[in-house]
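*Asks:* What follows is a predicted structure for the sequence shown.
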Amino acid sequence: MGNTNQEQIKVQKTSKTKINDIDFENLVFGKDFSDHMFECDFKNGSWENPIIRPYGDLTISPSAKVFHYGQAVFEGMKAYKDDQGKVFLFRPDENQIRINKSSVRMAIPEFPKELFFEALNKLLNLDKDWVKPGIGNSLYIRPFVIATQPGVSASPSDEYKFMIILSPVNVYYTGDVKVEIAEHYSRAADGGAGAAKAAGNYGAQFYPTHLAKERGFDQVIWTDANEHKYMEEAGTMNLFFRINDTLITAPTSERILDGITRKSIIELAKRDGVQIEVRPIEVSELIEAAKDGSLKEIFGAGTAAVVSPVNAFGYKNVIYNLPPTASGFSAKFKKELTDIQYNRSEDTFGWRYEVVD
Ligand code: COI
């Protein structure tokens, strides 16, 4: 566990907000950032100098290890505003635990829980006008850690920077999503870092995803690296398959991210009496179900993507179209989740976390 010197978070406010320059009706996911950011450095074995300051560029040595060895992890969270103007987070304790798990996997010192929450609260209080009310609107929160020690020797850094930046967002996918099942490339393997939210896991997907995009798909469904036989995840989302009235999702493993939206949907399904199976699902089972009409829905689940229905998938040059899903499980769980997130329904699970002064 990384130590901290128990310092107060310093706050340097911006002299001029940028909020009036933002077109909140036409946001592009992750393009604009709020007025402030949080920064804290790991040096001499402890986290020090926690500061909130105006969002801006960093000065980092070109030999910093993050640039050469990709020693970096991140999280994705969202802040939601209800109709009374209260700001909420959704299960932030899960993100806090996960960023430290990812850090351990990448030989990065853990970030102290108390400081994580203090920083989040302070930063969100300062920039709470950037959280717009209304279902779909949110402030995407990106905590991340990068290795900042100069030097290109291939060994873990002695110095790191933990940061939180905030981006006003709306939808991640506009419209339904078309995915292609991977037959050659892999995202993760047993013993690898697939379960960590490590920067390189995402960068390594860009090329195969670009090839899939050229063939008309939005995303790749990754399959197991050994045989390409089992469905895994879609890179920015975990996946759910509805065969007749049973919902199926792959178990998490060393290869699959333990998604917070995923685990919340599993709990909602159990509560609602929806038959849910957490088990390996073979590509051949999916193809059979698509052919005999028992495959009713596929949807992705993630913080950025929320719940995104898949309208078609491709496998071995064949396109399988799915029936329209307006009243399906994806719509049901999206509503149940967002009602909790935006304080529109009772929070029986204790998932909401109110950001207070
Ligand atoms: C998230 O859902 O927060 C993610 O991490 C996806 C991101 C790569 C956009």
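*Replies:* Received, thanks. Numbering: from 1, shown residues only.
*Asks:* Helix, strand, or coil at residue 288?
*Replies:* Under DSSP: H, G, I helix; E, B strand; the rest coil, residue 288 falls in the helix class.
*Asks:* Could you report the separation of it from residue 152?
*Replies:* Using Cβ to Cβ, to the nearest Å, residue 288 is found at 51 Å from residue 152. Using the backbone N, CA and C atoms, a C-beta is placed for each residue, glycine as well.
*Asks:* Next to the ligand, which bits of the protein? Give me the list.
*Replies:* With Cβ under 6 Å from any ligand atom as the criterion, the chain comes near the ligand at residues 76, 202, 236, 302-304.
*Asks:* got any ranges where the chain has weak pLDDT?
*Replies:* Applying pLDDT under 70 to the chain flags residues 1-6.
*Asks:* any idea how far the residue located most distally from the centre of it lies from residue 229?
*Replies:* The centre of the chain is farthest from one residue, residue 292, which by Cα atoms, centre = their mean lies 33.7 Å away. Distance from residue 292 to residue 229, counting by Cβ to Cβ: 20 Å.
*Asks:* for residue 29, same thing?
*Replies:* From residue 29 over to residue 229 the distance is 33 Å, taken as Cβ to Cβ.
*Asks:* the more surrounded of the two?
*Replies:* More neighbours surround residue 29 than the other of residue 29 and residue 229, with 16 against 11 (other Cβ atoms under 10 Å).
*Asks:* shouldn't the more buried one be in contact with residue 142?
*Replies:* No. Assessed by Cβ atoms under 8 Å, residue 29 is found out of contact with residue 142, at 11.4 Å.
*Asks:* From the ligand, how far off is residue 161?
*Replies:* Note on residue 161: its distance to the ligand, by Cβ to the nearest ligand atom, to the nearest Å, is 19 Å.
*Asks:* Bridged to that residue, which residues?
*Replies:* Beta-bridge partners recorded for residue 161 (DSSP bridges): residue 41, residue 146.
*Asks:* you'd agree it is up against residue 38?
*Replies:* No. Using Cβ under 8 Å, residue 161 makes no contact with residue 38, being 10.5 Å away.
*Asks:* Give the residue from the two that has the larger number of neighbours.
*Replies:* Neighbour tally, residue 161 and residue 38, criterion other Cβ under 10 Å: the higher count belongs to residue 38, 25 against 21.
*Asks:* on that earlier part again, what residues are shared contacts of residue 29 and residue 142?
*Replies:* Any residue near both residue 29 and residue 142 by Cβ atoms under 8 Å, 6 or more residues apart in numbering counts here, and that gives residue 167.
*Asks:* Next up, the contacts around residue 228.
*Replies:* Residue 228 is in contact with 182-184, 186, 283, counting by Cβ under 8 Å, 6+ apart.
*Asks:* how far does the helix or strand containing residue 261 sit from the chain's center?
*Replies:* Using DSSP states H and E, residue 261 falls within helix 260-272. With Cα atoms, centre = their mean, to the nearest Å as the basis, helix 260-272 stands 16 Å off its chain's centre.
*Asks:* again, but for stretch 271-283
*Replies:* Relative to its parent chain, stretch 271-283 has a centroid offset of 22 Å by Cα atoms, centre = their mean.
*Asks:* just the CA coordinates of that stretch, formatted as PDB?
*Replies:* Extracted in PDB, the C-alpha atoms of stretch 271-283 (Å, rounded to 0.1, in the frame of the first residue of the first chain):
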ATOM      1  CA  ARG A 271     -33.400  -9.500  -7.700                       C
ATOM      2  CA  ASP A 272     -35.900  -9.400 -10.600                       C
ATOM      3  CA  GLY A 273     -36.100 -13.100 -10.900                       C
ATOM      4  CA  VAL A 274     -34.500 -13.100 -14.400                       C
ATOM      5  CA  GLN A 275     -32.700 -16.400 -15.100                       C
ATOM      6  CA  ILE A 276     -29.000 -15.500 -15.200                       C
ATOM      7  CA  GLU A 277     -26.100 -17.800 -15.900                       C
ATOM      8  CA  VAL A 278     -22.500 -16.700 -15.400                       C
ATOM      9  CA  ARG A 279     -20.700 -19.300 -17.400                       C
ATOM     10  CA  PRO A 280     -18.400 -19.700 -20.500                       C
ATOM     11  CA  ILE A 281     -20.300 -19.200 -23.700                       C
ATOM     12  CA  GLU A 282     -19.100 -20.800 -26.900                       C
ATOM     13  CA  VAL A 283     -19.200 -18.900 -30.200                       C
END
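*Asks:* List the buried residues in it.
*Replies:* Within stretch 271-283, the residues that count as buried by 16 or more other Cβ atoms under 10 Å are 274, 276, 281, 283.
*Asks:* What residue in the stretch 151-300 of the chain comes nearest to the ligand?
*Replies:* When scored by Cβ to the nearest ligand atom, the stretch 151-300 of the chain has residue 236 as its residue closest to the ligand, at 4.1 Å.
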